[in-house]
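Asks: A predicted structure for the sequence below; I have some questions about it.
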Amino acid sequence: MKNTALITGAAGGIGKEFARIHAAKGNDVVAVDLNEEGLQSVKTELEDQYGVEVYTITKNLTDLNAPQQIYDELQEKDIEIKYLINNAGFGGVGKFHVRTWEQDLAMIQVDVIALTALTKLFLPDFVNRNEGRVLNVSSTVSLIPGPGQAVYFASKAFVTSLTRSIYGELNDYKNVTITALLPGATQTGFGNHSGMNKTAIYKKPANAADVAKDGYEAMMEGELEVISGIPFSQRVELAVAPLLPKKRLVERIRKSQEVTA
């Protein structure tokens, strides 16, 4: 396999769009997802349309051992990863004291632990070769508090902070970069599964293909981070959010998170 990208959550949404972009350039893909049927659909589409090789791995990233198993399988198959796109993630609407621990633990496992573990496993290989790029899919919600989705917002804040910190540590390696993609609400199955599609913040979701394009291009340019899929008015709101009194900011976001339908 050549110029291979490992993409988690590749069976649909933004992850599938990443796979399409990468394959369209003649590059191979390792597609990871829990949805085996969706993975096979991606494999068939990309191999037929672009003549690339797609290797699929069906894994549930809520399993603590999944990242190591993925890494070990690729080592055994002698598949070298050049691009790591940590896209898999999910959220959930509900007050922290109401949601179950099992729900939030699964979210932390996928959004935080699996992403961190995969980065920890593959980044040393990139550094040793002085070649490789990481793209972590975070969110614009990582920049603000999230009453109504406390754990999800906090998990994305971790991803953004982790990415920024590692970026600084890679200063001596010109050909190894890490980038954070911060999308706004995006038109994928994510909104329906999490319940976010019923909140005001999800009124006008962005196109998944456009968001993936922004993230992929930022990764290839070695940028620290890129915000995608939000209108200018929301960009202004994000810019002034740190300047607002904290209680006022929390209340504004709480209202935007209320279920409207």
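Replies: Great, that's in hand. Residues are numbered from 1 along each chain as shown.

Asks: ok, and the closest non-adjacent residue to Glu131?
Replies: Of all residues not flanking Glu131 in the chain, Asn175 sits nearest, at 4.9 Å (Cβ to Cβ, 6 or more residues apart in numbering). All C-beta atoms are positioned from the backbone trio N, CA, C, and that covers glycine.

Asks: ah, wrong one, I meant Leu170
Replies: Nearest non-adjacent residue to Leu170, counting by Cβ to Cβ, 6+ apart: Val176, 5.3 Å away.

Asks: which residues does that neighbour bridge with?
Replies: Applying DSSP bridges to Val176 gives these bridge partners: Gly132.

Asks: okay, now it: neighbour count?
Replies: Neighbours of Val176 under the rule other Cβ atoms under 10 Å: 20.

Asks: surely the residue nearest to Glu131 meets Lys82?
Replies: No. Counting by Cβ atoms under 8 Å, Asn175 stays clear of Lys82, with 10.3 Å between them.

Asks: Show me which of the two is the more surrounded one.
Replies: The residue with more neighbours, out of Asn175 and Lys82, is Lys82; 19 against 13, by other Cβ under 10 Å.

Asks: Can you verify my assumption that that one contacts Leu135?
Replies: No. In this structure, Lys82 is not within contact of Leu135 by Cβ under 8 Å, at 11.9 Å.

Asks: Overlap in contacts, Asn175 and Lys82.
Replies: 131-132 (Cβ atoms under 8 Å, 6 or more residues apart in numbering).

Asks: can you pull the contacts of Gly146?
Replies: Gly146 neighbours (Cβ under 8 Å, 6+ apart): 152-154, 253, 257.

Asks: possible to save these as JSON lines with pLDDT?
Replies: Listed next are the contacts of Gly146 as JSON lines, based on pLDDT from 0 to 100:
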{"residue": "Tyr152", "pLDDT": "97"}
{"residue": "Phe153", "pLDDT": "95"}
{"residue": "Ala154", "pLDDT": "96"}
{"residue": "Ile253", "pLDDT": "71"}
{"residue": "Gln257", "pLDDT": "70"}
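
Asks: what's near enough to touch the residue nearest to Glu131?
Replies: Asn175 neighbours (Cβ under 8 Å, 6+ apart): 130-132.

Asks: Scan those residues and report the most crowded one.
Replies: The contacts of Asn175, ranked by neighbours (other Cβ under 10 Å): first place Gly132, 23 neighbours.

Asks: Nothing else from me, thank you.
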